[in-house]
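Enquirer: Sequence plus the predicted model coming up.
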Amino acid sequence: MEMQEAIRNRRSIRQFLSKSVPEDIIRDLITDTRWSPSWGNTQPWEVVVATGPKLEEFKKRNKEALLAGKEAATDIPMPQVWSEAYLARYKELGKSVLGALSIARDDKEARLQHFVKMFSFFDAPAIVLVAVDKELSLEYAMLDVGIFLQSFCLLAHDRGLGTCILAAMVSYPDIARELFSVPDTRLFVMGAALGWPDTDAPVNCFARQRGSLDEFVRWVK
């Protein structure tokens, strides 16, 4: 697959087929992803791969926490205030997703069930969680994690797999630490769902939008 095609056509997958991802494929993906660049070649990422019963338990406990009204307590603070432009893009994506799912704006129960699916990672058969040592310079480590996840998602797309980078996966890090035996010296940054995309699902097919170059590029000559 050409690099330009991969970057343009990879998209967040929100409905997966009920088909497992072989461990050797996941291992191959991470083996290649580890060649991603990082600050001073520090390679700060620490990756948890979850499948099978442990993943199902993680999904179950995550959903229970959401439905019980437990407040998200991410290791990395989530943004509380966004500018008008960023908020507009965020809302537009929400409209596209809910529209593809035929969920009306005032259908609170259907919206809740969508969030339940999101907090169970859209029933993906595998996930990767990326953490960093809390002693590191967090800003640089997070940049490196972002590069790592981008490489992982593109490589997965090249293999015909789908991914969805999800903050919902790290909303309750205490659950992840307990289930996956991760010490509290590690901070969970982000996670990604991994599986075979349901290419017929409307939620995986809606038109996506990106800003024009004039919105974010400053040319200096």
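Expert: Arrived safely.
Enquirer: before we move on, which element is the residue nearest to the spatial centre of the chain in?
Expert: The chain has residue 165 as the residue nearest its centroid, 1.3 Å off, counting by Cα atoms, centre = their mean. Per DSSP states H and E: residue 165 is located in strand 162-166.
Enquirer: Would you pull up how far the very next helix or strand once past that strand lies from the middle of the chain?
Expert: Moving toward the C-terminus from strand 162-166, the next helix or strand (DSSP H and E) is helix 173-180. Using Cα atoms, centre = their mean, to the nearest Å, the distance from the centre of helix 173-180 to the centre of the chain it belongs to is 17 Å.
Enquirer: Report the mean per-residue pLDDT for helix 173-180.
Expert: This predicted structure assigns helix 173-180 an average pLDDT of 97.
Enquirer: swap in stretch 29-43?
Expert: Here the average pLDDT along stretch 29-43 is 97.
Enquirer: what are the ranges of the helices in the protein?
Expert: Taking DSSP state H as the criterion, the chain contains helices spanning 3-9, 23-33, 52-67, 84-100, 108-119, 138-158, 173-180, 213-216.
Enquirer: Give me whichever of these is most buried.
Expert: When the helices of the chain are scored by mean count of other Cβ atoms under 10 Å, the highest mean neighbour count falls to helix 138-158 (a mean of 19). Placement of C-beta: from N, CA and C, glycine included.
Enquirer: Quick one: work out the angle between that one and helix 23-33.
Expert: With axes from the mean of the first three to the mean of the last three Cα atoms, to 10 degrees applied, the angle from helix 138-158 to helix 23-33 works out at 130 degrees.
Enquirer: Summarise which helices and strands helix 138-158 is packed against.
Expert: Other helices and strands packing on helix 138-158, by 3 or more Cβ pairs under 8 Å, 6 or more residues apart in numbering; DSSP states H and E, are helix 3-9, helix 23-33, strand 126-133, strand 162-166, strand 186-195.
Enquirer: picking up where we left off before, pretty sure the residue nearest to the centre of the chain is touching residue 13, no?
Expert: No: using Cβ atoms under 8 Å, residue 165 is not in contact with residue 13, being 10.4 Å away.
Enquirer: Could you dump the helices and strands packed on helix 138-158 into JSON lines and include distance to residue 83?
Expert: Shown next, in JSON lines, are these (distance: least, Cβ to Cβ, whole Å):
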{"stretch": "helix 3-9", "distance to residue 83": "26"}
{"stretch": "helix 23-33", "distance to residue 83": "32"}
{"stretch": "strand 126-133", "distance to residue 83": "27"}
{"stretch": "strand 162-166", "distance to residue 83": "22"}
{"stretch": "strand 186-195", "distance to residue 83": "22"}
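Enquirer: Of all the ones you listed, which one is nearest residue 99?
Expert: strand 162-166 (17.7 Å; Cβ to Cβ).
Enquirer: got the contact list for that closest one?
Expert: Residues external to strand 162-166 that are found in contact with it (Cβ atoms under 8 Å, 6 or more residues apart in numbering): 10-14, 16, 118, 121-122, 124, 149, 152-153, 156-157, 190-197, 204.
Enquirer: Likewise for stretch 26-43?
Expert: For stretch 26-43, the external contacting residues (Cβ under 8 Å, 6+ apart) are 44-45, 47, 49, 51, 126, 128, 136, 140-141, 143-144, 147-148, 150-152, 155-156, 159, 161, 194.
Enquirer: Off-centre distance for that stretch?
Expert: Using Cα atoms, centre = their mean, the distance from the centre of stretch 26-43 to the centre of the chain it belongs to is 17 Å.
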